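Undergrad: sequence and predicted model, in that order:
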Amino acid sequence: MSGRITRDEAAHVARLARLRFSDEELDELAAQLSAVLDHAADVEALDVTDIAPTSHPHPLVNVTRADEVRPSLDRDEVLAQAPSVDDGQFRVPPILGEAP
Amino acid sequence: MSGAPGREAALGDGWELVVGLEVHVELSTATKLFCGCANRFGDEPNTNVCPVCLGLPGSLPVVNAAAVDFAMRLGRALGCEARGAVFARKNYFYPDMPKAYQISQYDQPTNTDGRLELPGGHTVGIERAHIEEDTGKTTHIGGGGRIHDADYALVDYNRAGVPLVEIVSRPDIRGAEQARAYVRELRAILLAVGVSDARMEEGSMRVDANVSVRPAGSDELRTRCEIKNLSSLRALGRAIVYEAQRHVDLWSGGERPRQETRHWDEANGRTTPGRSKEDADDYRYFQDPDLVPLAPAAETVAAIDAALPPLPAARRADLAADGGGAVSAEDAALLVERGQDGLVRAAIAAGADPGVAATRVANDLAVEDWAPVTPEGLAALVAMETSGRLTATQSKQVLAEMAEGGGFPDAIAERRGFQAMAGDDLAAVVDQVISENAEAWSRFCAGDEAERKKLAGFLTGQVMRATRGQADGAAVNRLLAARARSRP
Amino acid sequence: MTALGVAAAVAAGERTARSVAEDYLDRISAGDGEIGAFNLVLADEALADADRVDAALGRGEPVGPLAGVPVALKDNLCTRGIPTTCSSRMLEGWRPPYSATVVERLRAAGAVIVGKTNLDEFAMGSSTENSAFGPTRNPHDTSRVPGGSSGGSAAAVAAGFAALALGSDTGGSIRQPAALCGVVGMKPTYGRVSRYGLIAFASSLDHIGPFGATVADAAACYEAIAGHDPLDSTSIDLPLEPIDGALADGVEGLRVGVVAELCGGRLQAAHLVGTDAPAASGVEGVADDVLARVQDAAEALEQAGAEVRTVSVPSAVLGLSAYYLITSAEASSNLARYDGVRYGLRVEAANAAEMNVNTRTAGFGTEAKRRIILGTYALSAGYYDAFYGKALRVRTLMLQEFAAVYEDVDVLLCPTAPTTAFELGAKIADPMLMYLNDVCTIPSDLTGHPAISVPFGRGDDGLPVGVQVMGPALSERLIFRVAAALERAAPGNGSAP
Ligand SMILES: [Mg+2]
Ligand SMILES: [Zn+2]
């Protein structure tokens, strides 16, 4: 166990990901992720500065569609799957912060 | 940077305003950016939604070709370089963001390094103009409409996925008036290239201002605040002035502003700090693996350039040239912004006095619904005014009626009882036209019904031209018939 | 009976689609209590589908190539109006308002969908133990795992609950369970099969592919689902080569490379060693009995006229690390949409952000959370370049090295999984140990190249071993052909226990 990730770092990342963990869970998580990152030290150590990144296995470009309207979904079918609905809309608890 | 027109003396001595604007514009495509749902304002909530724009598990985005074309048209109109581009995910949670990430462009945007020249001559650099998707719309219920007192919120995803272009200026704007001019000019360009209806009131054009101040003459960049919720040009100007003064006061008092997002409070005329965001600004951008890069071919860019309509700056220059110095810069800017420059230039070509034509249209023609006014009609109206046949007040009334589809100015003036050229003055002109067009006159006298009608039109036109449109057509016809009867 | 046998019998009127469906549904109700392959059995829907096929045949209308063939779908493929869970509490009870492209294509081919199969939650795992609804067991030995994450689909075919099944493969999730369950599992070239309607784990590595009892069955299923889809921007718009005619062609004259690194750096057959200098290093954990079957397979291909040699792909050993960084990063973003707002689970709270936290904390299992945290970390400011950015460059390196190897050989051979099926619970507590299951399958997910696992003999414990054939992009026809040759030469071809 290398301690590459601290409990605080794990907690920070958990906040970004909107997940909650107990302190014990955070410690375990930090240890497991440290082990994964230890294994990834081979990648981390590699000098690959001259190699371009590949985000995608196949080099496609300019895939687009025509600007033509297609049928939307039936609203009742959509809202039937929602946890809470009001007045044809998705209902959520009050939102405290602002959108970025 | 030329000229002082933007320099506004609002700040205390020795301070200079530094403003950059971020403008989000909804593109007027038929469908959304990544799906075939209608891009339409005002429909019943959640009726223009599908698996893609709802972010349903398993759905995948496909780029709308028209949105890319629109964005590139705008970029080229702003003098940007059109580049290969990559869509990235901007990750953050918010109920109006269906996938919990916004598909945007990050380090490889479609347009970079452009410029926008203001009517006064000042040039503002454009850092980038990138494509991204809009969010849904949240309504906060209860608590008097204030976000943090609300009981709950409702979300409508009709707007989620609507294509936006975000135009980011460099911090080259030096005053509130310049900021307004920038937005007006940008709007004129958007309308000219036909990619957005750019209505601030309806939210299809949204402006955020980054404001800071610095000692005049320095080139440092001090702490800036981003002001949101600027829903009119008036709000934009007032907010910048307020915020800049707040910064000057802080710096002068030995304090420093905090870098933060602030809101414009229209009712109280001040900015207030935004509530802190729920997350730190760590958006974890990365290339969206569901989409492939855009790589516009040189021919595509060339075709876009070739199809660009004349842009506002060029149109102002053309109008100024046609006006021979008689059209004021203010009138020219206004006419181009409203798209009425073509009418005025055509009227000038038809003989109208440039200064009068420009002023009359700029001051007295409706901003919308003026289509019935023709260049010939406008030229005739201006001629009536310059020759003294109509007073300026009468001329405005006649123009208003012309805009409502009321026809040619002489008829309107006659109907309204405004005096038109008649009697001896008109007879003298008719006689002059007859003598100057002897051949046409003999054919008129000798011709059959059809020939006579054709030549009457020609001769009447000559009289109209000679009278700069002040003549009454029916009176001319009566005079021509009388002269033909009495021909020796 | 094979899937193609069923299709032929139904098309010829020797069997009705309904009687076939009833047989399979009977086997499911008799046996799935023990195996747990299905999250949901679609008995009524399957019979209705079968009746439609029979009615069409009765009217003399043309039916598709899979008419009447019972197919199982991994439960991460969207089915309109039919629950689609990803084996997660998060999506329990969710009925998608649309179907995946592959589902539409199977229906168009006349297939009868018998149910939705179990998986590791959101396809994250190699044992199908990470399911919110309990594990699936290996039909060859119910104390063992079926592999994963498509363990339900592999087990369903191995147990005769379905003639074909679809799975998804992001790090080996079709091929590894196919190997452990003794069936054929194939992952096509990235972009050959539309991902539209496949619930994303890691978008740039997610593939959909078939399971079948035989290579020919898997090939027929692949042909039914492959082809361009305008709803998937990453879909390849190139014509498909028919596979059918190639299966009997044999391997005479083909050049086959055994990848030294994916054999753990150790090869025992003397004549294979030293053809090229084998790398000293290799992936961890490849068992001797599995390696012995790979060597048997190599020799069988040589017997059949192929030219077999050892080749080296040094970056293959980096695959596992690159894979975990890339897939976790993409997953952290793909799984962010489960926020309790629009569908699926919600755990209420006083404000929206807390509701998100409550919902996600309750809805995701341990492994999903672990990967979300790893991926969020790998993408976050300050770590991107060291981890995610580097991993993308390793991917380039790997593509370059495979391209170089494919200059010299036509296809590659290696183990599918490092061991035969292991005991339930054996690796679940140690994520790194579990991750090592995928060392041999990961490279072709990173490169997007096609690969297939074929049963080839048994391990020392008597359980099935799979060998893997890999080829360059768009070489599906070739790898099916080599797989068919191996199938003919195999000591046992993984028929149901
Ligand atoms: Mg933006
Ligand atoms: Zn949509």
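TA: Nice, I can see it. Numbers count the residues shown, from 1 in each chain, chains lettered A, B, ... in the order given. Ligands and ions are numbered 1, 2, ... in the order given.

Undergrad: quick one: name the residues of chain B near chain C.
TA: Those residues of chain B that sit near chain C, judged by C-beta under 8 Å from any C-beta of the partner chain, are B:51, B:54-63, B:89, B:91, B:93, B:95, B:98-101, B:153, B:155, B:278, B:282, B:284-286, B:289-292. Glycine gets a C-beta too; all of them are placed from N, C-alpha and C.

Undergrad: run the last query once more with 7 Å
TA: Taking C-beta under 7 Å from any C-beta of the partner chain as the contact definition, chain B meets chain C at B:51, B:54-58, B:60-62, B:89, B:91, B:93, B:95, B:98-101, B:153, B:155, B:278, B:282, B:284, B:286, B:289-292.

Undergrad: give me the subset of these touching chain A.
TA: Residues of the residues of chain B next to chain C in contact with chain A (C-beta under 7 Å from any C-beta): B:54, B:62, B:93, B:95, B:153, B:155, B:278, B:282, B:289, B:292.

Undergrad: which of the residues of chain B next to chain C fall in strands?
TA: B:89, B:91, B:101, B:153, B:155, B:286 (DSSP state E).

Undergrad: tell me the one of those residues nearest residue A:13?
TA: residue B:91 (12.2 Å; C-beta to C-beta).

Undergrad: so what's residue B:339 closest to, chain neighbours aside?
TA: Distances taken as C-beta to C-beta, 6 or more residues apart in numbering or on different chains place residue B:191 nearest to residue B:339, at 6.8 Å, with adjacent residues excluded.

Undergrad: tell me which residues are up against the helix or strand hosting that neighbour.
TA: Assigned by DSSP states H and E, residue B:191 belongs to helix B:176-193. With contacts defined as C-beta atoms under 7 Å, 6 or more residues apart in numbering or on different chains, helix B:176-193 is touched by B:6, B:8, B:10, B:19, B:21, B:23, B:25, B:73-74, B:77-78, B:116, B:118-120, B:122, B:124, B:167, B:169, B:173, B:196, B:198, B:205, B:207, B:209, B:233, B:236-237, B:240-241, B:308-309, B:311-312, B:336-337, B:339.

Undergrad: and stretch C:84-92, by the same measure?
TA: Counting by C-beta under 7 Å, 6+ apart, B:57, C:39, C:75-76, C:78, C:94, C:96, C:116, C:118-122, C:131-133, C:199, C:338, C:344-345, C:362-365 sit against stretch C:84-92.

Undergrad: just the buried subset of the residues you listed, please.
TA: Among the contacts of stretch C:84-92, those classed as buried by 16 or more other C-beta atoms under 10 Å in any protein chain shown are B:57, C:39, C:75-76, C:78, C:94, C:96, C:116, C:118-122, C:131-133, C:199, C:338, C:344-345, C:363-365.

Undergrad: and these, which of them are in strands?
TA: Using DSSP E, the subset of these located in strands is C:39, C:116.

Undergrad: which of the buried ones among the contacts of stretch C:84-92 are close to ligand 2?
TA: Near ligand 2, judged by C-beta under 5 Å from the ion, there are no entries from the buried ones among the contacts of stretch C:84-92.

Undergrad: contacts for stretch A:6-15, please.
TA: Against stretch A:6-15 from outside (C-beta under 7 Å, 6+ apart): A:20, A:21, A:26, A:27, A:29, A:30, C:373, C:376, C:377, C:380.

Undergrad: widest-spaced pair of those?
TA: A:27 and C:380 (19.7 Å).

Undergrad: neighbour count: those two, which is higher?
TA: residue C:380 (23 against 14; other C-beta atoms under 10 Å in any protein chain shown).

Undergrad: any idea which helix or strand carries the residue of chain A found nearest chain C?
TA: Per C-beta to the nearest C-beta, residue A:57 is where chain A lies closest to chain C, at 2.6 Å. Under the criterion DSSP H and E, no helix or strand holds residue A:57.

Undergrad: mind listing the strands in the stretch 51-200 of chain C by residue range?
TA: C:70-74, C:112-117, C:164-169, C:184-187 (DSSP state E, counting those that start in this stretch).

Undergrad: report the angle between the first one and strand C:164-169.
TA: Put plainly, it is strand C:70-74. With axes from the mean of the first three to the mean of the last three C-alpha atoms, to 10 degrees applied, the angle from strand C:70-74 to strand C:164-169 works out at 20 degrees.

Undergrad: just checking: what are the partner strands of strand C:70-74?
TA: strand C:112-117 (parallel), strand C:164-169 (parallel) (DSSP bridges).

Undergrad: what's in contact with the last one?
TA: Strand C:164-169 is contacted by residues C:3, C:69, C:71-74, C:76-77, C:102, C:117, C:123, C:150, C:153, C:156-157, C:173-175, C:185, C:187, C:198, C:206-212, C:217, C:221, C:445 when judged by C-beta under 7 Å, 6+ apart.

Undergrad: per-domain residue ranges of chain B.
TA: The record assigns chain B these domain ranges, following automatic domain parsing: B:15-306, B:312-415, B:423-485.

Undergrad: in chain A, which residue sits nearest chain B?
TA: Closest point on chain A to chain B, by C-beta to the nearest C-beta, is residue A:70, at 3.0 Å.

Undergrad: perfect, I'm done here.
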